[in-house]
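A.B. asks: Sequence and computational prediction follow.
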Amino acid sequence: MSTQPDMIRAFAIMVADDAERRGESCPRMTADVVVTLNGRPPARLVDKALDLAAEPLHLGQTPWVLPSPR
């Protein structure tokens, strides 16, 4: 899951829904995900400042997935 942004968002929504069912109001779900690709230095995959459970589903490029470093 750590390399698949759509699964990270789906998990954030699932955890937020569960927290709301348990009585928490407006839970904020963020993720600090660091990945590496082909020997490159580690880089963040998603914007850790955004509430992933509140992000709408986007077709194509998603604003919360950070661009890969060059």
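C.D. replies: Alright, I've got the coordinates. Residues are numbered from 1 along each chain as shown.
A.B. asks: Report how many residues lie close to residue 69.
C.D. replies: 10 (other Cβ atoms under 10 Å). Heads up, the C-betas are built off the backbone N, CA and C, glycines and all.
A.B. asks: wait, I meant residue 55
C.D. replies: 17.
A.B. asks: In contact with the residue nearest to it when sequence neighbours are not counted, which residues?
C.D. replies: Leaving out its chain neighbours, the residue that sits closest to residue 55 by Cβ to Cβ, 6 or more residues apart in numbering is residue 64, at 5.4 Å. Each residue near residue 64 by Cβ atoms under 8 Å, 6 or more residues apart in numbering is listed here: 5, 9, 46-47, 50, 52, 55.
A.B. asks: List the contacts of residue 35.
C.D. replies: 2-3, 42-43, 45.
A.B. asks: backbone phi and psi for it, please?
C.D. replies: phi -130, psi 160 (degrees, to the nearest 10).
A.B. asks: Show me where the protein has its strands.
C.D. replies: 34-35, 43-44 (DSSP state E).
A.B. asks: which residues of this protein score low on pLDDT?
C.D. replies: Along the chain, the parts satisfying pLDDT under 70 run over 70.
A.B. asks: try 90 this time
C.D. replies: 1-6, 25-26, 36-40, 55-65, 67-70 (pLDDT under 90).
A.B. asks: Can I have the buried ones of the contacts of residue 35 as a ChimeraX selection?
C.D. replies: Here is the ChimeraX command that selects the buried residues among the contacts of residue 35 (16 or more other Cβ atoms under 10 Å):
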select :45
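A.B. asks: between the contacts of residue 35, which is nearest residue 33?
C.D. replies: Distance to residue 33, by Cβ to Cβ, is smallest for residue 45 among those, at 4.3 Å.
A.B. asks: Residue 61 versus the nearest residue to the closest one once chain neighbours are set aside, what's the distance?
C.D. replies: Spatial nearest neighbour of residue 45, chain neighbours left out: residue 33 (4.3 Å); criterion: Cβ to Cβ, 6+ apart. Distance, residue 33 to residue 61, using Cβ to Cβ, to the nearest Å: 17 Å.
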